[in-house]
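>>> fold the following and give me the result.
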Amino acid sequence: MRKSNQQNISSLLEQFIQENKLQSGLSQVELSNKWSEIVGVFISKHTSELKIVRNSLLVTIDNAACREELAYRKSEIINRINGISKNILIQDIIIR
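All right, here's what the predicted structure looks like:
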């Protein structure tokens, strides 16, 4: 008789992601995909870089008005990011 070694695909993928330390990269991709939904189209168009480093989001903006609006809405955006994703936890936004 053969041993049954069945697992569902989602648990295998989750195990693979954890073993290969891919979660931070996947979180950045997820955030990039949802960025315009979180901050709006105007700020999204002027964003040139998003990077997650130690629970901080580094955002590079090419427009001064967008930088000011992002700074003004910082706590709201942090709450929206943390609310949308179960894998991302942002505590601060650093605007460049």
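>>> report all helices and strands that the lowest-mean-pLDDT helix or strand in the chain contacts.
Here the helix or strand of the chain ranked lowest by mean pLDDT, DSSP states H and E is helix 9-19, holding a mean of 78. Applying 3 or more C-beta pairs under 8 Å, 6 or more residues apart in numbering; DSSP states H and E, one finds that helix 9-19 makes contact with no other helix or strand. In this view, the C-beta of every residue, glycine as well, is placed from N, C-alpha and C.
>>> can you tell me how far K45 is from L89?
Plainly put, K45 is 26 Å away from L89 if you go by C-beta to C-beta, to the nearest Å.
>>> hmm, back to that, show me what secondary structure element comes after the least confident helix or strand of the chain.
helix 23-39 (DSSP states H and E).
>>> now the residue nearest the centre of the chain: how far from E37?
Closest to where the C-alpha atoms of the chain average out (C-alpha atoms, centre = their mean) is L31, at 3.0 Å. Taking C-beta to C-beta as the measure, L31 falls 10 Å from E37.
>>> same thing with R73?
14 Å.
>>> more neighbours: those two, which one.
The residue with more neighbours, out of R73 and E37, is R73; 16 against 11, by other C-beta atoms under 10 Å.
>>> quick one, phi/psi of that one?
phi -100, psi 20 (degrees, to the nearest 10).
>>> check the one 4 residues further on too.
As for I77, its main-chain torsions (degrees, to the nearest 10) stand at phi -70, psi -40.
>>> so it is in contact with I38, correct?
Yes. I77 lies in contact with I38 (C-beta atoms under 8 Å); the separation is 6.2 Å.
>>> who's more crowded, the two?
I77 (21 against 18).
>>> any idea of the pLDDT on that one?
On the pLDDT scale, I77 is placed at 95.
>>> excluding chain neighbours, what is closest to E49?
T60 (3.8 Å; C-beta to C-beta, 6 or more residues apart in numbering).
>>> and what about that neighbour, helix, strand or coil?
strand (DSSP: H, G, I helix; E, B strand; the rest coil).
>>> centre of the chain to the least confident helix or strand of the chain, how far?
19 Å (C-alpha atoms, centre = their mean, to the nearest Å).
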